[in-house]
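Colleague: build me a model:
(one chain, ligands or ions: 2)
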Amino acid sequence: MFVKQVWLEQYRNIQTASIKPARHLTVLYGFNGQGKTNFLESVYLLGNARPFRSAKVPDLICHGTRTAAVRGLIFSAGVESDILLRLEQHTRRVTVDGKAVQRAADLHGRLAVVIFSPDDTAMVKLGPETRRRYLDRSLYASDAGFLQEYHSYYRILKQRNALLKTNQTEGLDLWTEQLATAGSRLMGHRQRYADRLNHLLQQKYQQIAGEQEKVSLVYQPDVPCETEDARAEALRTVLNNQREHDLRYKTTGRGPHRDDLAFLIGGRPLKGFGSQGQQRSFVLALKMAELDHLQETFGEMPVLLLDDIASELDRERMTNLLSYVRQREVQVLITTTDVTPFLPALQQDSKLFRVDEGRLTYEGNGTP
Ligand SMILES: Nc1ncnc2c1ncn2[C@@H]1O[C@H](COP(=O)(O)OP(=O)(O)OP(=O)(O)O)[C@@H](O)[C@H]1O
Ligand SMILES: [Mg+2]
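Modeller: Ligands and ions are numbered 1, 2, ... in the order given. Sure, this is the predicted structure:
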């Protein structure tokens, strides 16, 4: 899949823009604070209907105006679709080919996007919640059905917690039972997806970092169990054992809402034993694994967005990454403050844009 054209209106600091990215490589360069990440964010939004930074809809609207629009012409599964997002202070209207889309799931799979931004590396160091969110979000990207399982678990959890706050025990066993069933399904999804990413990870890491170090990603459920079938039973047992504790603290202390992912290098935690560069390469390799997984799911390559990549990787790893993406049929959009490292990679099917105070100017394909 690829983005043929993007139109923006009053999107953050971009008043208007009409951009036709290259089929392969598009580089957007400019000084700090000019709107490069804003542009990538708008492309991400076309695929997900929500921003990747923890922004809220009103943040996306240009200050001093009331509405913004992001429109994209997307080519995927052999057809073109016209996706339009209208952003207002409290709402977000999405249409595909002029028809209103009600649920996020209806947009699913039209434009699959993988983004790597400087913020992503922080997930190595931050708490489990960040890694859980990453896992669930990227799982959802390849499996629309997951959303229902996810909401089902968290809805039951909320209800069980609400009951715990009332000091009543009537009905608690029923919620516990439902939580164990929904939780075991959620865990099953997470386990299978983490195994899949882990399977792809090692090779990606070697390609990018050029290192032989063994890396792995391991799902760490709060309630571990030996086999798939034993999951609901294990969860039920733990929840029942925790009953008194939960009543005392008025909240559900154990379960998949406490799950984590372990990132390992040479069998040790990446957080404590990996260098900064290794941590970045690890997260980037994870994104490349995601890319392959999405390609298998949809039968075509998703779009790859690399934000400020040159600040994240050294020259050698950048070269590795660029030659890696060059070998694949993938559309890549890159932002950078310094265009120099990208000049050798710019070829016939590439485009260069300068970003200056929210204006995007086409500067050819970068070849003299
Ligand atoms: N809603 C908004 N309305 C107007 N301007 C905005 C809005 N949101 C953000 N901005 C402006 O956009 C600019 C930041 O843009 P962006 O993050 O895309 O910069 P960048 O080119 O990626 O810079 P860097 O190289 O530092 O990452 C800031 O100047 C910020 O004030
Ligand atoms: Mg930026």
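Colleague: all the helices of the stretch 51-200 of the chain, residue numbers only.
Modeller: 57-60, 128-142, 146-165, 172-209 (DSSP state H, counting those that start in this stretch).
Colleague: need these in JSON lines with mean pLDDT, distance to residue 349 and mean neighbour count, can you?
Modeller: Placement of C-beta: from N, CA and C, glycine included. Output for those, formatted as JSON lines (pLDDT from 0 to 100; distance: least, C-beta to C-beta, whole Å; neighbours: other C-beta atoms under 10 Å):
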{"stretch": "helix 57-60", "mean pLDDT": "91", "distance to residue 349": "30", "mean neighbour count": "16"}
{"stretch": "helix 128-142", "mean pLDDT": "94", "distance to residue 349": "26", "mean neighbour count": "18"}
{"stretch": "helix 146-165", "mean pLDDT": "96", "distance to residue 349": "34", "mean neighbour count": "16"}
{"stretch": "helix 172-209", "mean pLDDT": "96", "distance to residue 349": "22", "mean neighbour count": "19"}
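Colleague: just checking, residue 193 touches residue 139?
Modeller: Yes. Using C-beta atoms under 8 Å, residue 193 is in contact with residue 139, at 4.6 Å.
Colleague: enumerate the residues of the stretch 251-368 of the chain near ligand 1.
Modeller: For the stretch 251-368 of the chain, the residues in contact with ligand 1 (C-beta under 6 Å from any ligand atom) are 308, 335, 337, 355.
Colleague: can you tell me the average pLDDT over stretch 333-343?
Modeller: For stretch 333-343, the mean pLDDT works out to 92.
Colleague: and it, how far from the chain's centre?
Modeller: 22 Å (C-alpha atoms, centre = their mean, to the nearest Å).
Colleague: need the residue closest to the centroid of the chain.
Modeller: residue 138 (5.1 Å; C-alpha atoms, centre = their mean).
Colleague: hang on, that residue packs against residue 290?
Modeller: Yes. Counting by C-beta under 8 Å, residue 138 touches residue 290, with 5.4 Å between them.
Colleague: next one: phi and psi at the residue nearest to residue 109 when sequence neighbours are not counted?
Modeller: Counting by C-beta to C-beta, 6 or more residues apart in numbering, residue 298 is the residue found nearest to residue 109 once chain neighbours are left out, at 6.0 Å. Backbone torsions of residue 298, given as degrees, to the nearest 10, read phi -100, psi -10.
Colleague: list the contacts for residue 298?
Modeller: Applying C-beta atoms under 8 Å, 6 or more residues apart in numbering, we find residue 298 in contact with 1, 76, 77, 109, 112, 142.
Colleague: for it, give its distance to ligand 1.
Modeller: From residue 298 over to ligand 1 the distance is 28 Å, taken as C-beta to the nearest ligand atom, to the nearest Å.
Colleague: state the distance from that residue to residue 47.
Modeller: Distance of residue 298 to residue 47, given as C-beta to C-beta, to the nearest Å: 12 Å.
Colleague: any common contacting residues for the two?
Modeller: What both residue 298 and residue 47 touch, as defined by C-beta under 8 Å, 6+ apart, is the set residue 112.
Colleague: sec struct for residue 3, please.
Modeller: Secondary structure, DSSP: H, G, I helix; E, B strand; the rest coil: residue 3 is strand.
Colleague: which ones are touching it?
Modeller: 21, 43, 46, 72, 73, 74, 75, 111, 303, 331, 333.
Colleague: beta partners for it?
Modeller: residue 74 (DSSP bridges).
Colleague: please parse the protein into its domains.
Modeller: 1-112+303-368, 119-301 (automatic domain parsing).
Colleague: excluding its backbone neighbours, what's nearest residue 97?
Modeller: Nearest one to residue 97, counting by C-beta to C-beta, 6+ apart, is residue 82 at 5.3 Å.
Colleague: the one you found: how many residues sit nearby?
Modeller: 14 (other C-beta atoms under 10 Å).
Colleague: so it touches residue 98, yeah?
Modeller: Yes. Counting by C-beta under 8 Å, residue 82 touches residue 98, with 7.3 Å between them.
Colleague: tell me the mean pLDDT over stretch 285-295?
Modeller: On average, stretch 285-295 scores 96.
Colleague: let me fix that: stretch 37-45
Modeller: Mean predicted lDDT for stretch 37-45 stands at 96.
Colleague: what's that stretch in contact with?
Modeller: 3, 6, 8, 11-14, 17, 19, 28, 51-53, 55, 60, 70, 72, 85, 113, 115, 117, 303, 305, 307-308, 333, 335, 355, 358, 360.
Colleague: if any of these are buried, give me the PyMOL selection for them.
Modeller: With 16 or more other C-beta atoms under 10 Å as the criterion, this PyMOL line picks the buried residues out of these:
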select buried, resi 3+6+8+11+12+13+14+17+19+28+51+52+60+70+72+85+113+115+117+303+305+307+308+333+335+355+358+360
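Colleague: who's in contact with the closest residue to residue 67 other than its chain neighbours?
Modeller: Excluding the flanking residues, the one nearest residue 67 by C-beta to C-beta, 6+ apart is residue 88, at 5.2 Å. When contacts are counted by C-beta under 8 Å, 6+ apart, residue 88 is found next to 57, 61, 66, 67.
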